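Engineer: Give me coordinates for this.
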Amino acid sequence: MGPRASRSAVSAVLDVKALAKRYGDLEALRDVSFQVQAGELVAVVGPNGAGKTTLLSIVAGTQPPSGGSVNRPPREVGWAPQQPALYSKLSVVENLELFARLEKVKDPRAAVERMLEHTGLRARSHEPVGRLSGGNRQRVNVAVGLIADPPVLALDEPTASLDPAQRERMWEFVTRLAERGTAVVFSTHNVSEAQRHATRVLVLAEGRLLFDGAPRELLAAQGEAGSGDLERALVTFLEQHGERAESS
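Structural biologist: Model (predicted):
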């Protein structure tokens with residue numbers, strides 16, 4: 001199944017239209033369009049160099065597209081890059097307060113309290129970020145992205161550096177966000193995470209959107225049962241489209 005045009009842009013909380021990004025002669029993104037509804041968890045997967053980080057950074061407003069549009073201004077999209085942009089000498093609370101003021105949140109103290117509650121970091125609130133475990137630093141990173149209570153959250157490889165227990169806690173947190181109505185778009189090289197947690201999968205390769213559908217639809221397209229191996233289905237799908245599958 002290819003990219004869909006049937007999703008209603010009127011009801012979509014995020015509407016991405018014909019995004020393109022060029023760096024000189026390199027086309028990092030080519031005519032990428034999709035919509036996301038409130039409460040959806042959308043995984044962006046594909047080979048290295050497919051354009052996943054470029055796509056998410058444009059959606060988050062950290063770099064401009066060469067063409068196309070995103071219906072949300074940057075302040076309405078929370079952004080958690082793969083490398084946390086935090087101040088290691090400041091405490092969790094101090095980081096959150098700083099970013100709340102940078103985002104011009106009306107009630108910074110209330111926003112910080114809300115994030116401490118949502119992330120389960122209250123017990124660590126006065127600890128310097130540099131002393132936290134990788135999983136807790138990543139939770140602070142996501143909390144910074146959520147400090148202005150945006151309707152959309154973009155996560156770039158949110159669990160890449162986490163151990164299994166930390167990954168599980170992170171996904172519990174992200175799933176609760178989606179259940180409360182936040183639209184979450186995340187990139188991952190761990191295809192099993194997409195299979196387990198995503199309501200939809202976007203497959204990118206060489207900057208093109210090749211597939212937009214539920215994980216079970218990608219499995220079915222490759223003759224896999226609903227409980228089959230999504231990574232194997234993705235590899236086969238990419239090979240059928242002439243893409244290198246070994247780096248997916």
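Engineer: I'd like to know how many residues surround residue 12.
Structural biologist: Neighbours of residue 12 under the rule other C-beta atoms under 10 Å: 17. Bear in mind the C-beta positions are built from the backbone N, C-alpha and C, glycine included.
Engineer: residues in contact with the residue nearest the centre of the chain?
Structural biologist: With distances taken as C-alpha atoms, centre = their mean, residue 186 lies nearest the centre of the chain, 2.1 Å away. By C-beta atoms under 8 Å, 6 or more residues apart in numbering, the contact list for residue 186 reads 41-44, 154-158, 174, 198.
Engineer: now, which of these lie within helices?
Structural biologist: residue 174 (DSSP state H).
Engineer: Output the contacts of residue 186 as JSON lines; include the columns neighbour count.
Structural biologist: Shown next, in JSON lines, are the contacts of residue 186 (neighbours: other C-beta atoms under 10 Å):
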{"residue": "41", "neighbour count": "23"}
{"residue": "42", "neighbour count": "23"}
{"residue": "43", "neighbour count": "26"}
{"residue": "44", "neighbour count": "28"}
{"residue": "154", "neighbour count": "28"}
{"residue": "155", "neighbour count": "28"}
{"residue": "156", "neighbour count": "21"}
{"residue": "157", "neighbour count": "19"}
{"residue": "158", "neighbour count": "27"}
{"residue": "174", "neighbour count": "22"}
{"residue": "198", "neighbour count": "24"}
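Engineer: which among the contacts of residue 186 gets closest to residue 13?
Structural biologist: Distances from residue 13 to the contacts of residue 186, taken as C-beta to C-beta, are shortest for residue 42 (11.1 Å).
Engineer: Count the residues that sit near residue 164.
Structural biologist: Residues lying near residue 164 (other C-beta under 10 Å) number 8.
Engineer: Next one: it relative to residue 170, how far apart?
Structural biologist: Applying C-beta to C-beta, to the nearest Å, the value for residue 164 to residue 170 is 11 Å.
Engineer: Same question for residue 53.
Structural biologist: Between residue 53 and residue 170 the distance is 18 Å, computed by C-beta to C-beta.
Engineer: Repeat that for residue 100.
Structural biologist: 22 Å.
Engineer: Same question for residue 118.
Structural biologist: From residue 118 over to residue 170 the distance is 13 Å, taken as C-beta to C-beta.
Engineer: who's more crowded, those two?
Structural biologist: Applying other C-beta under 10 Å to residue 118 and residue 170 shows that residue 170 carries more neighbours, namely 20 against 16.
Engineer: In this structure the more buried one contacts residue 157, no?
Structural biologist: No. In this structure residue 170 lies outside contact range of residue 157 using C-beta atoms under 8 Å: 11.3 Å.
Engineer: residue ranges of the strands in the chain, please?
Structural biologist: Residue ranges of the strands in the chain, as given by DSSP state E, are 14-23, 26-36, 41-45, 67-70, 77-80, 152-156, 183-187, 200-205, 208-213.
Engineer: now those strands as JSON lines including mean pLDDT and distance to residue 109?
Structural biologist: Formatted as JSON lines, those follow (pLDDT from 0 to 100; distance: least, C-beta to C-beta, whole Å):
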{"stretch": "strand 14-23", "mean pLDDT": "96", "distance to residue 109": "29"}
{"stretch": "strand 26-36", "mean pLDDT": "96", "distance to residue 109": "31"}
{"stretch": "strand 41-45", "mean pLDDT": "97", "distance to residue 109": "30"}
{"stretch": "strand 67-70", "mean pLDDT": "96", "distance to residue 109": "31"}
{"stretch": "strand 77-80", "mean pLDDT": "93", "distance to residue 109": "19"}
{"stretch": "strand 152-156", "mean pLDDT": "95", "distance to residue 109": "22"}
{"stretch": "strand 183-187", "mean pLDDT": "97", "distance to residue 109": "26"}
{"stretch": "strand 200-205", "mean pLDDT": "96", "distance to residue 109": "36"}
{"stretch": "strand 208-213", "mean pLDDT": "96", "distance to residue 109": "41"}
